[in-house]
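A.B. asks: quick one: sequence and predicted model below, then my questions.
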Amino acid sequence: MNHPSDSGKPQANHSPPVIEARGVFVTISGHSILKGVDLSIPGGQVVALIGPNGSGKTTLLRALLGLQSLDQGEIRLFGQPLDRKVLHRVAYVPQKLALESGFALSVREFLALASDRTRHWFWRRHAVLDDVLISAVQEVRVEELLNRPLAKLSGGQLQRVMVAFALLRQPDILLLDEPMAGVDAPGEDTFYGLIGDLQRSRGLTVVLVSHDLSMVYRHATIVYALNGVICCEGRPEEVMNAESLRRAYGIHVSPYQHHHQPHGHLHPHAH
Amino acid sequence: MLTEPHMQRAFLTALCMGPLCALMGVFVTARRMAFFSDTISHGALAGVALGFWMGFADPTVPMIAFSLLVAGILVWLQENTELLSDTILAVVLSGSVALGIVILSSLKGYRGEIQSYLFGDILAIGWGDLKLALVLLLVVSLGLFVNLSRLTLVTAHPELAHSCGVPVRLLNYLFVVALTLVVTLSIRLLGIILVTSLLVIPPAASRSLSRNLRQQICYSVILGLVSSVGGVVGSYHFDAPCGPMIVLVCLGMFIGAFLIGRFKERIPS
């Protein structure tokens, strides 16, 4: 397994920011969740948001999607405020679907909802839809799933379909919320490998929320540790050491760093 | 049978409302809105009672108005309080039924017309009801097919739909208004108590036969059509209330579809 720092990707400080948040405060049901988040994410990275439960990872992701209103602060994508036009360049892979099995939506029909070319799926022949869908997302290999009901896929299959759906929208930014909840470890590694390949081949900026620190360590190029504010940020080998993880999680957390001993300095956030 | 004007009206109304209820029902069941529909239909009882109390000979207008008010209250409570959805529905349902019964019992000279609203009555369907049913069929089914992809995406995952630029909230409001009108205008045919059956049973039966949403929609519309027309015919022949007859035909098809679905599962394709 290659370490991400060996992959020769652009470093954080050399590319213009694709995602910027400044002084973001969010309160939900009277609880202060984000307490002044600042971040600046350059393009072409695989960015991981880590932190304990309730640290605001998913809230921050929702804010980046325009799904969460801000009490204070600003979020910009590609230097633009969040509006319909700029959000068109962002695709979202949600954690799960709470779909009723009584709804017979097939994978083919679901994927057809993502693309303007297949919007009229109800009136089109399956072969016509398949040509468009399969050629657009060859890397994800969804062919054998197209006839399956969406509500009856396994966790790993569903995540592949959700990624295919996101890619059909031809995004520049891919946001994934806990993409591997309920998927076994080998499946998880394969999935993150796929995300890394897609990031490189399509030049995407990927932001993912994850609890699995070993996967983050292996696959992310930038890590933000969040606990209401950004506690620390940097390359995985810089951020994922006992001291900074303790700062984010408040307890001792093993980063599962295997052979690699981190030496990098931390970048404590201003807040 | 079809030489009699009241049967012609009932038959044509069934032709409109059966498929329409079944079409909407595919999304109602997937969005877990069956109890919501039930609350709307029971809210109509208070509308009917208010209509009689206010002196309307035909309480269709107050019935629709009150159902829309009930739908508005439900949506407002769901969006602005932290009450459980089931709690909201149960409170509003029982409250509107209680209000309706108290008003009806206070009416002097009340002759029990309410039974036709509770169980459906083909004799009560007027030309005005038929015209409304026809307009509703055209407008709602056109709106639904134009927005089919958006509605399907909202049904699958509202936040994903939002991230794709779908105006989720507007679409939800339009769906609730359409559902309220469809439920309320189906009451003449099916009755307040049984109207939800035509929203729930055809989609559930068609699910057993379908491998995808397109099939489920098509089969559901066909089953809705056969049930409503079959129920009207049965009601005429057996001199039974229309609503229960439609439900019995629906139920028969549900059992048939369930058995066929099970049989197909056992045969490897």
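C.D. replies: Yes, it's here. Numbering: from 1, shown residues only, chains lettered A, B, ... in the order given.
A.B. asks: what mean pLDDT does stretch B:23-35 have?
C.D. replies: Stretch B:23-35 shows a mean pLDDT of 94 in the predicted model.
A.B. asks: buried ones in it?
C.D. replies: B:23, B:24, B:25, B:26, B:27, B:28, B:29, B:30, B:31, B:33, B:34 (16 or more other C-beta atoms under 10 Å in any protein chain shown). Using the backbone N, CA and C atoms, a C-beta is placed for each residue, glycine as well.
A.B. asks: list, out of these, those positioned next to chain A.
C.D. replies: Contacts with chain A within these, as defined by C-beta under 8 Å from any C-beta of the partner chain: B:26, B:29, B:30.
A.B. asks: so which of these is the closest to chain A?
C.D. replies: Checking these against chain A with C-beta to the nearest C-beta, the nearest one is residue B:30 at 3.6 Å.
A.B. asks: need the contact list for that closest one.
C.D. replies: With contact set as C-beta atoms under 8 Å, 6 or more residues apart in numbering or on different chains, residue B:30 has these partners: A:99, A:100, A:102, A:103, B:155, B:203.
A.B. asks: same thing but 6 Å
C.D. replies: A:100, A:103, B:155 (C-beta atoms under 6 Å, 6 or more residues apart in numbering or on different chains).
A.B. asks: next, format the residues you listed as JSON lines and append distance to residue B:189.
C.D. replies: Below are the contacts of residue B:30 laid out as JSON lines (distance: C-beta to C-beta, whole Å):
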{"residue": "A:100", "distance to residue B:189": "27"}
{"residue": "A:103", "distance to residue B:189": "26"}
{"residue": "B:155", "distance to residue B:189": "26"}
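A.B. asks: can you list the domains in chain A?
C.D. replies: Chain A breaks down by automatic domain parsing into domains covering A:1-89+A:172-181+A:208-271, A:93-170.
A.B. asks: among these, which gets the worst mean confidence?
C.D. replies: domain A:1-89+A:172-181+A:208-271 (a mean of 77).
A.B. asks: that domain and chain B in contact?
C.D. replies: Yes: when contact is scored as C-beta under 6 Å from any C-beta of the partner chain, part of domain A:1-89+A:172-181+A:208-271 falls within range of chain B: A:65, A:67, A:84.
A.B. asks: and the first one, how far is that from residue A:92?
C.D. replies: Using C-beta to C-beta, to the nearest Å, one gets 6 Å for the distance from residue A:65 to residue A:92.
A.B. asks: anything in contact with each of those two?
C.D. replies: Common neighbours of residue A:65 and residue A:92 are listed as residue B:163 (criterion: C-beta under 6 Å, 6+ apart).
A.B. asks: who's more crowded, these two?
C.D. replies: Counted by other C-beta atoms under 10 Å in any protein chain shown, residue A:65 and residue A:92 do not tie: residue A:92 has more neighbours, with 26 against 23.
A.B. asks: show me what contacts the more buried one?
C.D. replies: If a contact means C-beta under 6 Å, 6+ apart, then residue A:92 has A:65, A:175, B:163 as its contacts.
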